[in-house]
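S.K.: everything below, folded, please.
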Amino acid sequence: MATKLKFAAAGNLSFFSTLRTRVDAYFTEQAISPHANRAMWVKTCFFLTGYFTLYLLILSNQFSALGMLGFCLLLGIFAACIGFNISHDALHGAFSSSPRINRILGNSFYLLGASPYVWKITHNIVHHTYTNIPGHDEDIDIAPGLVRLDPQQPHHLWHMYQHIYSFPLYMLASLSWVFRKDYIKFFKEQIGQHKNNNHPRAEYLNLFAGKALYYTAFLLLPYLLLDLTIWQVLAGFVAMHLAEGLVLGLVFQLAHVVEGTAFPLPDASGLMTESWAIHQLQTTANFAPRSRLAAFFCGGLNRQIEHHLFPKVCHIHYPALTKIVRETAGEFGLPYLENASFGTALYSHYCMLRRLGQKS
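M.R.: The predicted model follows:
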């Protein structure tokens, strides 16, 4: 069993209290809510409308097989963007002050073929608490044995080539999620520090019913309604998830597995040397923080530092918070990691994969 972890109670604790005071003051002075505004609702309508339009265009059976394949690729990208922009905020309770609205919009995660309940456990509880801590944060334990994302993982000969084969593997992330990951995580007795063996009965039904509806909508109905062979239907389904998986995989990896991010270990008693907030600064990086396109499509995940420190604030406000967080970190002599563009972050991740692929 993993060592019970605790974050340091002493140290630079005034950093986070100062930061929270300044962030709270920003919302008070601007007389705005930390939740969704009109621009956020416009984004929500855009991605949901695009998703269902593409799905209905495919089911209309009015296009060639090649045309429908193109729609499948776009549908995978829109699904990823719904996850980034809508599901993610709602499942953190950041989209609205209303738990009911958050619950309804959080269920948009089913549109990706994924379980919102399992995500809240693995992401909200485990990843956000134990970010980049080997043996505790399972987000850095993808494709166990194949991809080495932290220096504590065992090294194998094939890791020398992981900077080449990891990117195609990321494309399989969504397929794994739909058919494998949710089931494994749901029935795993413990995830990191979280005891995972006492699910509400309703969540068993939600898991299997949600999966069944997704398989029906994206496999059975296309087979029954379209003039396609079963192999063409499967090809479209796989193409959709390869596009979705690549987008999901790259965006998530560029936040925590790039040059400069740390993979800190606790001492023998399970104590981390820094407070939780400083730990987030050490293990998280932003990318393309000045890009409006990245902000629109990535749902604020290009500003992961702000997200990890304030997960209950809607991502539409992160551009304003960035200046506050960066300046406060500088005042306290703390790191603030960022890559200027998506390309530089991608190259940094490539370099990290290559370095971690070498035997220490």
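S.K.: ok, residue 205 - how many residues close by?
M.R.: For residue 205, the count of nearby residues is 10 (other Cβ atoms under 10 Å). Any C-beta I mention is one placed from the backbone N, CA and C, and that applies to glycine too.
S.K.: how about it, secondary structure?
M.R.: For residue 205, the secondary-structure state derived from DSSP: H, G, I helix; E, B strand; the rest coil is helix.
S.K.: just residue 289 next, same as before
M.R.: Secondary structure, three-state DSSP: residue 289 is coil.
S.K.: from residue 314, how far out is it?
M.R.: From residue 289 across to residue 314, the span is 17 Å (Cβ to Cβ, to the nearest Å).
S.K.: tell me where this protein has strands.
M.R.: 190-191, 194-195, 285-287, 337-339 (DSSP state E).
S.K.: the second one pairs with which strands?
M.R.: Under the criterion DSSP bridges, strand 194-195 sits next to strand 190-191 (antiparallel) in its sheet.
S.K.: how far off centre is the strand it pairs with?
M.R.: Here strand 190-191 shows a centroid-to-chain-centroid distance of 19 Å under the convention Cα atoms, centre = their mean, to the nearest Å.
S.K.: and for stretch 68-78?
M.R.: Chain-centre distance of stretch 68-78: 20 Å, with Cα atoms, centre = their mean.
S.K.: residues in contact with it?
M.R.: Outside stretch 68-78, the residues within contact range by Cβ atoms under 8 Å, 6 or more residues apart in numbering are 47, 50-51, 54-55, 57-58, 63, 174, 226, 228, 235-237, 239-245, 247.
S.K.: list only buried entries from those.
M.R.: Restricting the contacts of stretch 68-78 to buried positions leaves 47, 50-51, 54-55, 57-58, 174, 226, 228, 235-237, 239-245, 247, with burial counted as 16 or more other Cβ atoms under 10 Å.
S.K.: point out where this protein drops to low pLDDT.
M.R.: Within the chain, the stretches with pLDDT under 70 are 1-3, 10-13, 360.
S.K.: hmm, what's the outermost residue in it?
M.R.: Most distant residue from the mean C-alpha position of the chain: residue 227, 35.8 Å away (Cα atoms, centre = their mean).
S.K.: for burial, what's the neighbour tally of the residue nearest to it when sequence neighbours are not counted?
M.R.: The spatial neighbour of residue 227 that comes closest, neighbours along the chain excluded (Cβ to Cβ, 6 or more residues apart in numbering), is residue 61 at 6.1 Å. Residue 61 has 12 neighbouring residues, counting by other Cβ under 10 Å.
S.K.: quick one: contacts for residue 61?
M.R.: The neighbours of residue 61, taking Cβ under 8 Å, 6+ apart as the test, are 225-227.
S.K.: dump those into TSV; add distance to residue 139 as well.
M.R.: What follows is the contacts of residue 61, written out as TSV (distance: Cβ to Cβ, whole Å):
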residue	distance to residue 139
225	37
226	36
227	41
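S.K.: return the member of those residues nearest to residue 150.
M.R.: residue 226 (44.0 Å; Cβ to Cβ).
S.K.: that closest one contacts residue 233, correct?
M.R.: Yes: contact between residue 226 and residue 233 holds when scored by Cβ atoms under 8 Å: they sit 6.9 Å apart.
S.K.: measure residue 294 to residue 338 for me?
M.R.: According to Cβ to Cβ, residue 294 and residue 338 sit 12 Å apart.
S.K.: identify the contacts common to these two.
M.R.: The contact lists of residue 294 and residue 338 share residue 287, where a contact means Cβ under 8 Å, 6+ apart.
S.K.: next up, the contacts around the spatially closest residue to residue 319 that is not a sequence neighbour.
M.R.: Of all residues beyond its chain neighbours, the one nearest residue 319 is residue 295 (6.5 Å), with distances taken as Cβ to Cβ, 6+ apart. Contacts were defined as Cβ under 8 Å, 6+ apart; by that measure residue 295 touches 302-303, 318-319.
S.K.: switch to 10 Å and redo it
M.R.: By Cβ atoms under 10 Å, 6 or more residues apart in numbering, the contact list for residue 295 reads 43, 288-289, 301-303, 315-316, 318-319.
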